[in-house]
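Engineer: Quick one, structure for this:
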Amino acid sequence: MPPQVAVLIPCLNEERSIATVVADFRRVLPDALIYVYDNNSTDQSRILAHQAGAVIGVEPSQGKGHTVRRMFREIEADVYILVDGDDTYDASTAPGMLDLLLRGGLDMVIARRCSTRRDAWPRGHRLGNALFSRTISRLFGSRIHDVLSGYRVFSRSFVKSFEGTTQGFEIETEITIDAVTRGLAIREVNTTYRARRAGSVSKLRTWRDGLRIARSIVRLFLNRQKIRREPREPLHPPRL
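Structural biologist: Purely as a prediction, here's the structure:
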C-alpha cells in the first residue's frame, strides 16, 4: 500500500497564486491530500484554495510558525510536503524528493533554491540566507546550504516529534536546527526558484525577520549548550 502523502501549504493573502499551487501539486501527486491553512487572510485566498480542491484549515494566531505547528499537530499522513503558497517553488520536484526520502530512509529532504533571475530572489534575502546557513553550519555542524527554504519533505516521525516554539519566519531555521541537533538524516536537492507574480508581495521583511531569525539561532545554540552542561542521571542507581 503506497504511503499517504499530505501537502501542507500555509497561506496569508496569496489569492494571485494559491489556486495554481494547489493545482500543480494535484497534477504531480494525484493521490496526495492537499491542505491549505489560512492565517488571517483578508483576500480571497481561502475561497480560491477550496475551489481548487484543497482541504481548508485555519490558524488564528498570526505567524507562519504558528500555522506550520498547527498543521503538524492536526494533519495525519505517512509523509509530509511543506511548501509556500506563492508559486515560487517547482511542484515537479516533489515526486523526486518523496522518492529520495522513502528509499533513503531519510527524515527530511530540503529543496535548495536555484535561480538565474535576479528578481526571483531579492539580494537581501539571498545574502541573509547565505549568512544564516554558514552560521548554522559553524555552530551546529550542518552542511545545509539553504536553511530558510520553505519547500521540504518530512517523515511522519519528524513531524510528530517536532516541538517548536517560534512564531514567524524563524520556523524553517528551527526545523533545520532541530533535525541537525538530533542527528537526523537530511538531504538537499536543487529546485528551480521563480519570481513572485506581479502584484504578489512577500511577507518576509529583510531586517525585521532577519533579526528574529538571528535571535532564534542564538537562543537555540545557548539552549543546546545548556543541555550539554546539565549533569546526566546515572544509567543505574548507585548501590547503598
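
Engineer: residue contacts, the residue lying closest to residue 77 once chain neighbours are set aside?
Structural biologist: Distances taken as Cβ to Cβ, 6 or more residues apart in numbering put residue 6 closest to residue 77, at 3.6 Å, once the chain neighbours are dropped. (Each C-beta comes from the backbone N, C-alpha and C, glycine too.) Under the criterion of Cβ atoms under 8 Å, 6 or more residues apart in numbering, the contact list for residue 6 reads 32-35, 75-77, 79-81.

Engineer: Give me the PyMOL select line for these, limited to the buried ones.
Structural biologist: Burial among the contacts of residue 6 is assessed by 16 or more other Cβ atoms under 10 Å; the matching PyMOL selection reads:
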select buried, resi 32+33+34+35+75+77+79+80+81
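
Engineer: Could you dump the contacts of residue 6 into a markdown table with secondary structure added?
Structural biologist: Formatted as a markdown table, those follow (DSSP: H, G, I helix; E, B strand; the rest coil):
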| residue | secondary structure |
| --- | --- |
| 32 | coil |
| 33 | strand |
| 34 | strand |
| 35 | strand |
| 75 | coil |
| 76 | coil |
| 77 | coil |
| 79 | strand |
| 80 | strand |
| 81 | strand |
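
Engineer: and the contacts of residue 6 as CSV, adding pLDDT and distance to residue 173?
Structural biologist: What follows is the contacts of residue 6, written out as CSV (pLDDT from 0 to 100; distance: Cβ to Cβ, whole Å):
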residue, pLDDT, distance to residue 173
32, 98, 26
33, 98, 27
34, 98, 25
35, 98, 23
75, 98, 22
76, 98, 26
77, 98, 24
79, 98, 22
80, 98, 18
81, 98, 19
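
Engineer: what's the offset of stretch 154-174 from the middle of its chain?
Structural biologist: Relative to the chain's own centre, stretch 154-174 is displaced by 8 Å; criterion: Cα atoms, centre = their mean, to the nearest Å.

Engineer: Going along the chain, name the helices of the chain.
Structural biologist: 18-28, 45-51, 64-74, 94-104, 123-140, 156-161, 171-181, 206-229 (DSSP state H).

Engineer: could I get those helices as JSON lines with distance to residue 114, mean pLDDT and mean neighbour count?
Structural biologist: Formatted as JSON lines, the helices of the chain follow (distance: least, Cβ to Cβ, whole Å; pLDDT from 0 to 100; neighbours: other Cβ atoms under 10 Å):
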{"stretch": "helix 18-28", "distance to residue 114": "18", "mean pLDDT": "98", "mean neighbour count": "20"}
{"stretch": "helix 45-51", "distance to residue 114": "27", "mean pLDDT": "98", "mean neighbour count": "19"}
{"stretch": "helix 64-74", "distance to residue 114": "23", "mean pLDDT": "97", "mean neighbour count": "20"}
{"stretch": "helix 94-104", "distance to residue 114": "14", "mean pLDDT": "97", "mean neighbour count": "16"}
{"stretch": "helix 123-140", "distance to residue 114": "11", "mean pLDDT": "74", "mean neighbour count": "16"}
{"stretch": "helix 156-161", "distance to residue 114": "24", "mean pLDDT": "97", "mean neighbour count": "16"}
{"stretch": "helix 171-181", "distance to residue 114": "17", "mean pLDDT": "92", "mean neighbour count": "23"}
{"stretch": "helix 206-229", "distance to residue 114": "20", "mean pLDDT": "68", "mean neighbour count": "14"}
